[in-house]
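Engineer: okay, here's the prediction I keep looking at, along with the sequence it came from:
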Amino acid sequence: MTIRLEDLTVNFDERFALHNIDWQIEDNQHWVITGANGSGKSALAAVLAGTGQTVSGSLSGVPARVALVSFEAQAELIAAELKKDDADIMDVIAEGTPVRDILLNGETDPALVDELARLFGLEPLLDQAFRKLSTGESRKMLLVRALASQPDLLVLDEPFDGLDANTLAMLQQYLESLVETIPMVLVLNRFDEFPDFITHIAYVDDGRLAHRVERSDETAYAELYQLLHLKTTDLDVPGADPDTALAKLDPAQPLVKLNGVSIKYGERVLIDQLHWTIERNQHWQLSGPNGSGKTGLLSLITGDHPQCYVNDIFVFGFKRGSGESIWQIKQFIGYVSTSLQWDYRVGTSLRNVIISGFYDSIGLYTKCTERQRQIADQWLALLGMGARADQPFNKLSYGDQRLLLIARAMVKHPPLLILDEPCLGLDDMNRQLVLALIEKICAGTETSVIYVNHHPEDQIRGIDNYLALGAPAPAE
């Protein structure tokens, strides 16, 4: 058996769509579909059971007998039972269909139904009306019906949700016994629930199949775990250290106000008469072609550009050129760029990299407080790196280094976080890791974010202000 989804786009009642799915399920493969809530996991599983309207592409090789267990299927069965009441013209309250009749629907083996009813503890309920079952009991009934139908493909959407510990362990053991005879596709949110027999993982994001990973590929599997952790964790962004809190800013003033700023090099005009105001809690995406002045514009804000003193610039309550020091400005800014990553070559621990953000240093040369250590460990937990706190930074992958440097920039909760091409040089998996972290920062803090990128597809939920710079004017 080989199931092929080739460039498949499917609509679901105009509420949701899967786009351009390319996926192949071979014999002896057992898959988990995972991803964040609303990403399309259940939709992809339902496609295998014939749900949805194909818009383009093709689906082939699906066997005739597919058993699907999902919350949607459970809801449909309940709705069908309620309709029987509506169809009764007499004022008689119907008892509803007995559990036994639903299980023995012509496609199931009666002996296997009895065995599974015993295993799932449904024997005393077989003659009871389905509608009188609890949510957990009706879930068990659907599992029994699916397993008793002995399908050619078993699709289980969150099969372990709502089950008590004993039933969950029994179901996992029973599924293990089917590995050699029935291919399985499971939809699961939690990595710790992945059964040992799973061979492949499909990661869905925003209606697209973003990654297909072999369970045996330890590096790819670890990266996918980290990505899902960042997408779905309920951990809040760690708070600031009250002992190193920044000075309070006037809430009535914008963070940054550029009044008709220009950047010129001789006759060459890079930026001409740009007005830009960044209010508190605003997030901006800054884009433009190479040479359009993105980095120069940022350096006007940070105070690193020599022309910041000949422009009308207001930052964090300071009028540039009024006697303020550059460090009075920089204390309110967190900054991440590729050049910073090149400079951060020390072999200090992951924990110390984050703590160094309290001191704006490359490396840690001051004894930290216990509170700073705790905050750093909270950031590592958020990044899915809690067990790696003492590993050396220079041994990390390029993408993990970028995540650490973003956490380092955020540890003081600066009013403004500038991320200059944070995805530059990253592969697709690490790019999504970084985007997931930025999204979490935008959603969970009062830090305003300026996110610089070249690729319009790398948009982030929570960023709804955009500034696009044009090509530089040619020298006359």
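Structural biologist: That came through, no problem. Numbering: from 1, shown residues only.

Engineer: going forward, measure contacts and count neighbours with C-alpha atoms only.
Structural biologist: OK.

Engineer: could you break this structure into its assigned domains?
Structural biologist: Using automatic domain parsing, the domains assigned to the chain come out as 3-232, 242-468.

Engineer: can you list those in CSV and add mean neighbour count?
Structural biologist: As requested, the domains of the chain are exported to CSV (neighbours: other CA atoms under 10 Å):
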stretch, mean neighbour count
domain 3-232, 17
domain 242-468, 18
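
Engineer: got those as a markdown table, with mean pLDDT columns?
Structural biologist: A markdown table is the format used below for the domains of the chain (pLDDT from 0 to 100):
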| stretch | mean pLDDT |
| --- | --- |
| domain 3-232 | 87 |
| domain 242-468 | 88 |
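
Engineer: helices along the stretch 51-200 of the chain, start to end?
Structural biologist: 71-87, 99-103, 110-119, 135-148, 165-177 (DSSP state H, counting those that start in this stretch).

Engineer: what would those look like in JSON lines with distance to R388?
Structural biologist: Below are the helices of the stretch 51-200 of the chain laid out as JSON lines (distance: least, CA to CA, whole Å):
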{"stretch": "helix 71-87", "distance to R388": "37"}
{"stretch": "helix 99-103", "distance to R388": "49"}
{"stretch": "helix 110-119", "distance to R388": "41"}
{"stretch": "helix 135-148", "distance to R388": "38"}
{"stretch": "helix 165-177", "distance to R388": "30"}
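
Engineer: list the contacts for A381?
Structural biologist: Under the criterion of CA atoms under 8 Å, 6 or more residues apart in numbering, A381 has no neighbours.

Engineer: that one in helix, strand or coil?
Structural biologist: Under the three-state scheme (DSSP: H, G, I helix; E, B strand; the rest coil), A381 adopts helix.

Engineer: against T9, how distant is T97?
Structural biologist: 37 Å (CA to CA, to the nearest Å).

Engineer: strands paired with the host helix or strand of L258, and their directions?
Structural biologist: Assessed by DSSP states H and E, L258 sits inside strand 256-265. Paired strands of strand 256-265, with direction, are strand 268-278 (antiparallel), strand 312-315 (antiparallel) (DSSP bridges).

Engineer: quick one: distance of the last one to the chain centre.
Structural biologist: Just to be clear, that refers to strand 312-315. Relative to its parent chain, strand 312-315 has a centroid offset of 36 Å by CA atoms, centre = their mean, to the nearest Å.

Engineer: give me the contact list for that strand.
Structural biologist: Against strand 312-315 from outside (CA under 8 Å, 6+ apart): P254, L255, V256, K257, L258, N259, G260, V261, I301, K319, R320, I329.

Engineer: biggest separation within the residues you listed, which pair?
Structural biologist: G260 and I329 (20.3 Å; CA to CA).

Engineer: what's L364 in contact with, if anything?
Structural biologist: With CA under 8 Å, 6+ apart, L364 has these contacts: T348, N352, V353, I355, S356.

Engineer: what secondary structure does it sit in?
Structural biologist: L364 ends up coil, using three-state DSSP.

Engineer: and the gap between it and N430?
Structural biologist: Distance from L364 to N430, by CA to CA: 26 Å.

Engineer: can you check G303 too?
Structural biologist: Applying CA to CA, the value for G303 to N430 is 31 Å.

Engineer: now L119: closest residue in space, sequence neighbours ignored.
Structural biologist: Of all residues not flanking L119 in the chain, M170 sits nearest, at 7.7 Å (CA to CA, 6 or more residues apart in numbering).

Engineer: please read the previous query as pertaining to V336.
Structural biologist: Per CA to CA, 6+ apart, closest to V336 is L419, 5.0 Å.

Engineer: next one: R145
Structural biologist: Closest to R145 by CA to CA, 6+ apart is L103, at 5.2 Å.

Engineer: before we move on, back to that, got a list of what the residue nearest to V336 touches?
Structural biologist: Y335, V336, S337, V449, I450, Y451, V452.

Engineer: filter the residues you listed down to the ones in strands?
Structural biologist: Assigned to strands by DSSP state E, the following of the contacts of L419 qualify: Y335, V336, V449, I450, Y451, V452.

Engineer: just send the residues you listed back as a markdown table, with distance to L163 too.
Structural biologist: Output for the ones in strands among the contacts of L419, formatted as a markdown table (distance: CA to CA, whole Å):
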| residue | distance to L163 |
| --- | --- |
| Y335 | 47 |
| V336 | 45 |
| V449 | 42 |
| I450 | 45 |
| Y451 | 43 |
| V452 | 46 |
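
Engineer: so which of the residues you listed comes closest to D161?
Structural biologist: Distances from D161 to the ones in strands among the contacts of L419, taken by CA to CA, are shortest for V449, at 37.0 Å.

Engineer: hey, what's the closest one bridged with?
Structural biologist: L417.

Engineer: going forward, the N-terminal residue is numbered 748.
Structural biologist: That works, and once the first residue is 748, the last one we named lands at V1196.

Engineer: isn't it right next to L1033, touching?
Structural biologist: No - look at V1196 against L1033 with CA atoms under 8 Å: they stay out of range, at 10.2 Å.

Engineer: which SSE is L1047 in?
Structural biologist: helix 1041-1049.

Engineer: so that helix versus strand 1195-1199, what angle?
Structural biologist: 160 degrees (axes from the mean of the first three to the mean of the last three CA atoms, to 10 degrees).

Engineer: show me the contacts for I1080.
Structural biologist: So I1080 contacts T1049, P1161, P1162, L1163, L1164, I1165 (CA under 8 Å, 6+ apart).

Engineer: correction: Y1082
Structural biologist: I1153, A1156, L1164, I1165, L1166, D1167.
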